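# Curious how this folds, go ahead:
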Amino acid sequence: MGEHAKQPAARLELRERILETARASFSTHGIKGITMDDIAASLGISKRTLYEVFPDKETLLEECIQRGREEAEIFLKEVLANSANVLEVLLKCYQRSIEKFHATNKKFFEDIKKYPRAYELMKKDHNRNSEEAINFFKEGVTQGIFRADVNFAIVSMLVREQLDSLMHTELCNKYSFLEVYESIMFTFLRGVSTERGAAELESFIREYRKKQILSGEKKQ
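A predicted model of the protein is given here:
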């Protein structure tokens, strides 16, 4: 392999390492608490090298958000290929989002509002997710999983507002973010499900709780 061919490959590898490190750092510590110096130091590279790949912190943050979206799309395709109905699709997607929220520092969601381009990108991402969810709910109506008398555009917006409000409430000082998030999502799904859908939902929740208990026991 010639020297010219090696350089693009090395640069691509470096780009991936930077994205991986930045995503983990932003998620764990928030965005403001992590500087470009911190990221460069974590990778053992100079700040100049880092800026040659990403010209500024917000551009790096935008790429992190875009990478998260790409991973979500891959996950959704896999779920669609291996799920029996739309409730199973939604539950698996919600479970993934629960785990993502649980692993993300609350400061991340507070800090991102200070980066307009990245914040707008994240809002567009959320809007796209909401539109996809509404389509899944409509499909669930035809499958007999969800009630036909529900305006899913309205209830999805209300759930979104509830989740957004978690960023500005003291509720999570008393209860874990995961517990609050689960309460919102499971209560919402129970309310829009038919008898058949509710039965499948309860079966999922029982299995989900078992996995939580086993996971907790392994950590002890």
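
# And the helix or strand bottoming out on mean pLDDT in the chain, how far out from the chain middle?
Using mean pLDDT, DSSP states H and E, the weakest-scoring helix or strand in the chain turns out to be helix 171-174, at a mean of 74. Mean-position distance between helix 171-174 and its chain equals 21 Å (CA atoms, centre = their mean, to the nearest Å).

# Can you give the distance of stretch 42-53 from its chain's centre?
Distance, stretch centre to chain centre, for stretch 42-53: 27 Å (CA atoms, centre = their mean).

# Which residues does that stretch contact?
If you take CB atoms under 8 Å, 6 or more residues apart in numbering as the criterion, stretch 42-53 is touched by 11, 14-15, 17-18, 21, 25, 36-37, 39-40. No exception for glycine: its C-beta is placed from N, CA and C like everyone else's.

# Tell me the span between the first and last residue of that stretch.
16 Å (CA to CA, to the nearest Å).

# got the buried residues for it?
43, 45, 50, 53 (16 or more other CB atoms under 10 Å).

# and those, which two are the farthest apart?
Of all pairs drawn from the buried residues of stretch 42-53, the one with the longest distance (CB to CB) is Leu43 and Val53, at 10.4 Å.

# For Thr35, what are phi and psi?
The phi and psi values for Thr35, taken as degrees, to the nearest 10, are phi -100, psi 170.

# Now it. Nearest residue, chain neighbours left out?
In this structure, Thr35 finds its nearest non-sequential neighbour in Lys57, 7.7 Å apart by CB to CB, 6 or more residues apart in numbering.
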